[in-house]
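> Generate coordinates for the sequence data below:
(chains A, B and C)
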Amino acid sequence: MVSVSSAPSDGAPSVFCARAWQVVRSIPRGNVASYGQVAELAGMPRGARQVGRALRLAPDSLPWHRVVTASGRIAFAAHSDAYRRQCARLSEEEVPVIGGRIDMRRFRWQPTLDERLWMLP
DNA sequence: GGTTTGACTCGTA
DNA sequence: CTACGAGCCAAAC
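Model prediction:
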C-alpha cells in the first residue's frame, strides 16, 4: 500500500505551495502580481492568503517582492523591515513605490495565454 | 473538536 | 480617500 500524503507534515511543502512558487518565478522582472492573481494562476481562485503563507516559506532566491496586494500596496506593515526590503528590491528593478503604492495599471503582470497554459494543472 | 490568526479581497458607507 | 465588515482557507493553538 503506497500512501501518498500531500500534507506538508512530511517536511515537503504542499502541492499548492510549489505551484505558487512556480507562478512567482514566472513574474517578469519589472512587473508585479497580486496575491489573488498568483493564487488563481496556481489553480486556487480564492487562495490569496495561502499565497502569503507559501511565500513565507519561500527561499530568498524567489522573487517574492513582486507580489503585492490587489490595490498595489505592500502587504507588510508600513515601517517594518520586511516592508523596506521589498520596497528596495522593487525599486532596484524600476518598479517605483510612490506614496506606499505601486501603479498596478502600469506594472501589473499580464501573462500571455501561453504562460497561463504553462502554469495551469 | 472549536477558535484564532494572517505576506488577502471585495463591497459598502 | 479611509474604515469596517464579511468572506475566504489552511495552519496553529
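> Could you count how many residues lie near whichever residue of chain A sits closest to DNA strand B?
Closest to DNA strand B within chain A is residue A:52: 2.6 Å, counting by CB to the nearest atom of the strand. Backbone N, C-alpha and C define where each C-beta goes, glycine included. Residues near residue A:52, counting by other CB atoms under 10 Å, number 17.
> Let me see the contact set for it.
By CB atoms under 8 Å, 6 or more residues apart in numbering, the residues touching residue A:52 are A:35, A:75.
> Assign it to helix, strand or coil.
Secondary structure assignment for residue A:52 (DSSP: H, G, I helix; E, B strand; the rest coil): helix.
> That one and residue A:92, how far apart?
Between residue A:52 and residue A:92 the distance is 22 Å, computed by CB to CB, to the nearest Å.
> Now tell me which helix or strand of chain A has the poorest mean pLDDT.
Using mean pLDDT, DSSP states H and E, helix A:113-119 stands out as the lowest-scoring helix or strand of chain A, at a mean of 89.
> just checking, what packs against that one?
Here helix A:113-119 touches helix A:15-26, going by 3 or more CB pairs under 8 Å, 6 or more residues apart in numbering; DSSP states H and E.
> roughly how far out does the helix it packs on sit from the chain middle?
Centre-to-centre, helix A:15-26 and its host chain are 8 Å apart (CA atoms, centre = their mean, to the nearest Å).
> for that helix, which positions count as buried?
Of all the residues in helix A:15-26, those buried under the rule 16 or more other CB atoms under 10 Å are A:16, A:17, A:19, A:20, A:21, A:23, A:24, A:26.
> Enumerate the residues of chain A near DNA strand B.
Within chain A, the positions near DNA strand B by CB under 7 Å from any atom of the strand are A:34-37, A:48-53, A:55-56, A:58, A:64, A:67, A:69-71, A:75-76, A:82, A:86.
> What are the neighbouring residues in contact with the residue nearest the centre of chain A?
The centre of chain A sits closest to residue A:67, judged by CA atoms, centre = their mean, with a distance of 4.1 Å. Each residue near residue A:67 by CB under 8 Å, 6+ apart is listed here: A:24, A:27, A:32, A:33, A:34, A:35, A:38, A:51, A:55.
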